[in-house]
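*Asks:* Sequence unavailable; structure follows:
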C-alpha cells in the first residue's frame, strides 16, 4: 500500500535509494522452470546505463546484478527471485548544499510534506536511480513473455521537439536492431543526429530537454486485460505514468481521437481481422491481438545548471544553482525503463489470464 | 484480480451489466461516522443521466439508487456500503441483430476472445452503463473528501475540436455553478453553443464526436500519493484511462512538456510556495498542495449509424448498421464519471496517508 | 483492507447487516462458462436455515437469493456475480433494550471501541446473519471446484462434549447423504440423538452449547497452496477462524502432534503414495493429494437467557437479560458456513495454481 | 499472490532459500521517523539462532543482518526497508543423498507436485531457515508497536507433553526476563529442566519432539481487527499457521470452549471492564483491550535419524535415513518466530486502524 509493490500475479517489490547501500527488486510470482541467468538481466541494465551519447551523465554507474534467490541450476523455482545491486560511485557530499532547500521540479518538497523527514542525498527514493530495480525486474518479465511470443520494443520518438520517423512497419527484430545501434535509441538515425546536436546546444545553455518515447508490442494474444478498473490500457497508463518524468500517456491514436468522428476512429474488420489500428491494439481495455502502441511524454530533467529560485527548509525564498553530474536529456535512459514497465504489465496480465481460464 | 475492484483503503467493487437485472457498487473501507443519504448519491447519478442536450440518447434511464447496507441512522457505520440500482427500460431485443457480429470500436471481439462467451445485450459489462456504479461510489468518496476541504470539478474542455475557455481561475463554487448550468457541462457557455451546433450536424450525418474533459482538484493537501508504483499521477491515469472512451491522459502541462526545456517546465518557489504550476499539482508522484489538473482525451462513441464492415462470429466479413438509441457525443455523460474516478482516487490516497503517518 | 473482501483470484466481497435492508456477496473472478442457477445457491442457503431441530431459533429467515449480474443464459460470463438477499422478518424493536448496553460475549463493546458508532440492531454486521452471504458465495465456489473433482463435506463432530463417530472412511456421497439426513448434520445418528437430548436440557436451563465441526476434502489435487505466508493450512485457518464462533482450528492430527515424536507424526510413503495421513493432506503448506482434514472448535452462542452482568454505554455496571429468538447450539448453522469457507479457499487456490503454471 | 507477501499496510515480502546466496525481507509501509538500527534486528535474530541448549543443531548460523535501504541517519524514511542476510556455513553436499527421494513429513513431495522442479538443498524455500527473514522483519514491527505501548511475549508452554506453568500473571518485563534466561524460552525453569532431560533421551533414540508455544500480548488497544474476513483472530491464525511446524492454533480458552456452556464462556463486564478473559482478548474478531492469548501446537521436526520408508522421484518405494545436523526440538527456535508473526500482524492492524479513523 506504500506503493513499492506492483502487479497481481507477477508481483514486483522494489527498494533502494540513490545513495543508499544497494537497490533491488523481489519478484514474487514468476512461474517455475524459466531459464534465467544474471546475464539476461545484466544486458538490460547495461542498456539503461549512461551511454557515450551526449545526453548522459559522466557518473560511473556499475549496476552489477546478483540473483540471490529463486533460481536453481539455471531455472526459476517458483519462489521469490531477489535481485541485488550494490550502489557504487556514490558521492553524497556533492548534495550537501541541497540539504536545506527544495530543488524545483524534484520531489524534495512533496516528500518532506509527506514524511516529515527526507533523504536528501541525490533525491533518495525519488531519484531516477530507483528505475534500476524496475529494469532488472522487467528483464525477467521480458524473458517470460518472450517465451509466449510477445515482443516489446521501446524507442525514442522525439527529443526537444525533433521527431523521428518511427519505422512502425519494420519487422520486430530489425526495428530492435536499429534502436539498439543508436545511443539515443532512436530508430531514425538521421533524426537522431539532429537530436544529438540539439542536446549539445542545450547542454551549453545549462538547460535540459524532454521528449517522447513510443512502445510497440507485437505478438500479444487477444484477451489480455480485465474489465472496468484493471483494463490493459489503464494498467499500462499507470505503469508508465509511474516513471518520474512522464506527464502524459496515450494509446493508439491517443489525443488525436478527441477531434475526430466515430467513422474515422472505429477500426473495421473483415474475415482476416482488423483492417486498421486506430485503437492501438486495445478495445474495452482488452487486447485484440493487434500491435499495442503506447506513447509517453517526458518532461526535461529538472536538475538544470541555470540559477533558479526556490524555498528552503526554513520557509524562506532561496536562490539555487544545481551542480553535479546530470543527464541533459532523460530520454535514452527512460527508453529501457518504459520497455521494462510494459513487460511487467504484460507478464502480469498474461499470468492473470491463465488464472481466469476455467 | 478480475478487475472489478479498485482502491486499497477506500475499496470499491462494482458489478452489473447493461441489460442485467441491476447494477451496483460495494464500498469497503469508508470510515464510520460520515453523514450519508441516498439523496447525496442520487444527485450525482442524475448528473450522469441523459440530459435534454442534443448530445444524448432518448433512453429513459431511471437510475434510482438504494443504500442497502453500511448506513445506520444517517451515518456510515464503517461496514460495507452496498449501493443497488435496478435496471429499467431495458430493450434487449433491439440487440438481437448484433448477436452474431462484433461491433467495430466496441469490446465485442476482445471480450469474446477473452471469455469464449459474451453477453451481447448492449455490450454487457463493457457498456458505458457500467459507469453508473462508479458515479454512485464516487459520490460517497466526494462526500468524504469534501469534509477534508478537497473540491473536485470536472468539465468539458472541448468537443469535436471546438475548445472552450476553461475558466481555470474562477473560485471553485462559481466554476462548479457555471459547469452545472450547461447541459454539456462546459463552463464556457459561448463555446458550448458552438459545440451543440456541431453535435446537431454530426447527428444528421449519422456520425459521433469525441472530446476532452478537464478535471480540477482544489484544496488537496500536500503529501498524498506514494513513491514508485502508486504515484498520485499513476493512479489518476489508471483511474481515468479505465473509462471506456479515454485514449490519453495528461497531468499539468502534459504532452506539451516534451518539447520544452527544463527551465520552462520547472516550477520555482518562493517563501509563499510555488510561483507557477506546470506540474499540475504533482511532483515525484506526490501532491504539492497546488491545484491538480488532469485532462483526458475521449474517442467518439463507436455506435455510429453509418454502414460499417465487420467480422461475424462465423469468422466471415459482414456489413453492419447499428440501430438503437445512442449518444452522439459521450462527453457530457463522461464528465461526472471523470469526477467520480478522481474522487475515488483521492479518497483512497487520503486514507492511505492517514495509515502512513506514525 | 476493511476486511470484507476475501481471496485473490476468486475474490468475494460480502456486505449487509442483521437488520438492514439486504445482505449479499459479489464474486469477482469466477471463470466464464460455469453453469450456474439461483437454485444451486438456494440449496446451500436452505441448509443454513434454522431447521426443525431443537438447536435452532424460530425466526422465519427466508433467504431467497437473486443473481443480479454475471450470469447470462445459465452460464457465468467472467464478470462479477452479484448475489442479493433481502432481509425479511426483521424485528429490530426487540433489540431496543440492548441499545445502551454491551452484550457479554458479543462484539458490541469491541465494535463501539473501533468505530465510535454501532448498529445495535441484532449485532449489525457482527451478527451471525452475515454468514448468509458467505454460504451464497461458497455455493458458487463449490460448483466450480466440484467440476474439478473436489468434494468438500462438513459435519458435526461433537456438541456439548458429546462426540460422534465421524465415519471418515465412508465414500464421499454416502457420507454427505448421512450428514444431510440429520438435522444436526451429524453423520453418527446415534450420537446425534444424544446431542438433541443435551440441547433440550440446556435450553431449559437458559444456557447454550458449543461444539466441534470437522471438514473433509476429498479429491483435491496435490500442489495447491503457496509457500510461506499463503500456505493452504494458513488460509484455511484464517477462513475458518473468521467465523464468529470459532476459537481454535486444527489440521490433521492437530493439537495432538505436540505431544508426539517425529517417528509417530511423519507419514511414510511407498510406491503408491502416503501410507497414513497424520498431516491432514497438507505438507509445508501445500496439498499432497490426500484427504484434507480440518476441525474447528466453536464457542457456545453468547446470547443466553440467564441473567448476566455487563457494562453500559454510560460506563457503568448493568444487569442484562437477553430476550429474543436465539439458537441454543450454533453447530448445525455453522456446518454449512464451514463448508462454504473451505470451498472459497480451495476455489481461490485452485485458480491461483493455474496462474502459477507456466 | 505467490504467497511470499504478508500484510496490507505494514507489508512484508520475504525471499531466500536454505542453501541459496542470501535471505531477506523488504518491508513496504513502515511509517517514517521510527528509530531503527541493525542492532535492533540483530538481537531478535540472535534469539532465533541455535542455542547451547540440548534442543538445537550444531550448525553455525551467523545471520548477520544488513539494512540496505529505508533508513537514513538512524531513522526510517517511509520508503522500503530492505534487510539482507548472507547465508554462511552452507554444506549442500550433505543433501546429495536426498536429491532423488521425498523426505517424509517435509514439503519435498508437495513442492515437486506444485512446481515440477525443486531445490533439494536443505528444503530450499520450505526450510525452516526461511523464518530468519520473518524474525528480521518482525523486529521492526516490534519496535513500531512497542512505541504504541504494545508488548508481545512468546514462550514455551510445553515440550513433548511436559507442560510448564505459564506465569501469565507476571508483569510483562519480568515474564520476558524469565523467558530469555532459559535456553528453551520456558518461563517455568523447573519444567524446562525436565524438558531438557526428555530432549536428551529422545536425541539418543534418533527421534524428535514437538510442543506448544503460547503468545501473550499486553497493552493492545481495543478496536484492532476488521469485521468478517480480516478478523484479528483470523489473521493471527493465518500468521501462526503459516509457520511450517504449526498444526493447530487456539485463541483464549480455545479448544476447551467447545465442551462448555455459554454461561461459562461469556466474559461479564462491570464498570471497570471485563471481569474475566475466556475470549483471549478478542470478540467478534476485534481486540477488546484485554490481554491477547494465543497458543500454537507444533509437530516434531520431521528430520529424524531413524530409518523410514518413502517414495523416490522414480515413483518407487525407497528406504531413507536422514543424516545432517538437525534440531531435536523445534520449539526454542519457533518461539521467536511466533513472536515475530504476532508483531507483524499487530503492526499491520494498528496501521490499518489509523486509516479507518476518519
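*Replies:* Looks like it arrived, so ask away. The model shown is predicted, which means the values in this text are computed figures rather than measured ones.
*Asks:* Next, work out how far apart the nearest residue to residue A:284 once chain neighbours are set aside and residue B:315 are.
*Replies:* In space, and not counting its chain neighbours, residue A:284 is closest to residue B:107: 2.4 Å by CB to CB, 6 or more residues apart in numbering or on different chains. Where C-beta positions appear, they are placed from N, C-alpha and C, glycine not excepted. According to CB to CB, to the nearest Å, residue B:107 and residue B:315 sit 18 Å apart.
*Asks:* cool, and residue A:94?
*Replies:* 64 Å.
*Asks:* Of the two, give the one with the bigger neighbour count.
*Replies:* Remark: of residue A:94 and residue B:315, residue A:94 carries more neighbours, 14 against 9, as counted by other CB atoms under 10 Å in any protein chain shown.
*Asks:* Ramachandran coordinates for the more buried one?
*Replies:* Dihedral pair for residue A:94: phi -60, psi -20, per degrees, to the nearest 10.
*Asks:* That one against residue A:322, yeah?
*Replies:* No: with contact defined as CB atoms under 8 Å, residue A:94 and residue A:322 do not form a contacting pair (10.0 Å).
*Asks:* which residues in chain A form helices?
*Replies:* Secondary structure of chain A, counting by DSSP state H: helices at A:38-48, A:108-115, A:131-146, A:172-181, A:189-205, A:232-241, A:262-265, A:331-356.
*Asks:* closest to chain D out of the ones you listed?
*Replies:* helix A:108-115 (3.9 Å; CB to the nearest CB).
*Asks:* Now the closest one: buried residues?
*Replies:* A:108-115 (16 or more other CB atoms under 10 Å in any protein chain shown).
*Asks:* go on, stretch A:2-12?
*Replies:* Result for stretch A:2-12 [16+ other CB under 10 Å]: buried residues A:2-12.
*Asks:* which strands and helices sit next to the helix or strand of chain A with the lowest mean pLDDT?
*Replies:* When the helices and strands of chain A are scored by mean pLDDT, DSSP states H and E, helix A:172-181 comes last with a mean of 90. Applying 3 or more CB pairs under 8 Å, 6 or more residues apart in numbering or on different chains; DSSP states H and E, one finds that helix A:172-181 makes contact with strand A:151-159, strand A:211-218.
*Asks:* Can you add distance to residue B:200 and give the ones you listed back as TSV?
*Replies:* What follows is those, written out as TSV (distance: least, CB to CB, whole Å):
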stretch	distance to residue B:200
strand A:151-159	38
strand A:211-218	36
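*Asks:* So which residues on the stretch 51-200 of chain A come close to chain C?
*Replies:* A:78-79, A:144, A:147 (CB under 8 Å from any CB of the partner chain).
*Asks:* Stretch A:20-35 and chain D, any residue contact?
*Replies:* Yes: using CB under 8 Å from any CB, stretch A:20-35 reaches chain D at A:20-24, A:26, A:28-29, A:32-33.
*Asks:* List just the nearest of the residues you listed to residue A:259.
*Replies:* Nearest to residue A:259, judged by CB to CB, of those is residue A:29 at 41.5 Å.
*Asks:* and the gap between that closest one and residue A:344?
*Replies:* On the measure of CB to CB, residue A:29 and residue A:344 end up 11 Å apart.
*Asks:* now residue A:65
*Replies:* Residue A:65 is 16 Å from residue A:344, by CB to CB.
*Asks:* Low-confidence regions, the stretch 101-250 of chain A specifically.
*Replies:* A:167-169 (pLDDT under 70).
*Asks:* picking up where we left off before, same list, the buried residues of helix A:108-115, but only the ones touching chain B.
*Replies:* A:109-111, A:113-115.
*Asks:* Skip the chain neighbours and tell me the closest residue to the residue in chain A sticking out farthest from the centre.
*Replies:* Distance from the C-alpha centroid of chain A, by CA atoms, centre = their mean, peaks at residue A:271 (36.8 Å). Excluding the flanking residues, the one nearest residue A:271 by CB to CB, 6+ apart is residue B:317, at 4.5 Å.
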